[in-house]
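K.L.:
What follows is a protein structure lacking sequence information:
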């Protein structure tokens, strides 16, 4: 059974940093692209970042480019999102999502339960 | 302002059919597959349709998708009260800032 377990969220001050983790199980982790998608309170889905199955290609939304870094650890079957220079507008529930394919896209067949990031003074 | 445009809300009676539209451009829908997601309150999104019109196992055939040019459509027939949820379309955008994009979401009310 495919499982994605998001963790690492919390309360952080503007300008601070946080690292999110997504522990994956039930599938061959390195064969599939993975993404982070966020949802601000009461708002819609926003794609944040993606990494290919091999880890060789990464993509970012303009809103987080230069501040967030996506990575994956094949040995730990874990996806990460390092978030620096956090802003109030980064407040959201962050979901990790598994793609159906090894190349990046928007074909998310499994989602984590989400982890809440709150940026506030 | 979302890259993909969806109606904010749609409604219909139980047993009826509803159509949710998703409009984009040549850089996204026009040249990439579209997927659709259902999000029930307080839960993570769930994949309903991928590659424009394919259903994952376990998704009933009451849900169907199509794409034409730079627009896509999700049809739901035989509406049930349990279908009340937010629905999102998504695709890849191959413009200069390549990345994923979603519609703003459509709230479905089953009257």
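P.N.:
Thanks, I have it. Owing to the predicted nature of the structure, the values given are computational and were not obtained by experimental measurement.
K.L.:
what residues does chain B put near chain A?
P.N.:
B:2, B:32-33, B:35, B:37, B:39, B:44-47, B:50-51, B:56, B:86, B:88, B:90-92, B:97-105 (CB under 8 Å from any CB of the partner chain). All C-beta spots, glycine's among them, are computed from the backbone N, C-alpha and C.
K.L.:
Quick check: neighbours of the lengthiest strand in chain B in the sheet, parallel or antiparallel?
P.N.:
Ranked by residue count, the top strand of chain B under DSSP state E comes out as strand B:85-93. If you go by DSSP bridges, strand B:85-93 pairs up with strand B:34-39 (antiparallel), strand B:99-102 (antiparallel), strand B:106-110 (antiparallel).
K.L.:
The first one: how far from the chain's middle?
P.N.:
Strand B:34-39 has its C-alpha centroid displaced from the chain centroid by 5 Å (CA atoms, centre = their mean, to the nearest Å).
K.L.:
hmm, back to that, now render the strands paired with strand B:85-93 as TSV, adding distance to residue A:94 and mean neighbour count.
P.N.:
Listed next are these as TSV, based on distance: least, CB to CB, whole Å; neighbours: other CB atoms under 10 Å in any protein chain shown:
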stretch	distance to residue A:94	mean neighbour count
strand B:34-39	15	25
strand B:99-102	14	25
strand B:106-110	22	17
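K.L.:
returning to what we had before: not counting the longest strand of chain B itself, show me its contacts.
P.N.:
A:44-45, A:47, A:104-106, A:108, B:3-4, B:6, B:20, B:22, B:24, B:27-29, B:32-41, B:45, B:48, B:72, B:74, B:98-103, B:105-108 (CB atoms under 8 Å, 6 or more residues apart in numbering or on different chains).
K.L.:
ok, now with 7 Å
P.N.:
For strand B:85-93, the external contacting residues (CB atoms under 7 Å, 6 or more residues apart in numbering or on different chains) are A:44-45, A:105-106, B:3-4, B:6, B:20, B:22, B:24, B:27-29, B:32-40, B:45, B:72, B:74, B:99-103, B:105-108.
K.L.:
Of the residues of chain B next to chain A, select the buried ones using a PyMOL command.
P.N.:
This is the PyMOL syntax for the buried subset of the residues of chain B next to chain A, where burial follows 16 or more other CB atoms under 10 Å in any protein chain shown:
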select buried, chain B and resi 2+32+33+35+37+39+44+45+46+47+50+86+88+90+91+92+99+100+101+102+103+104+105
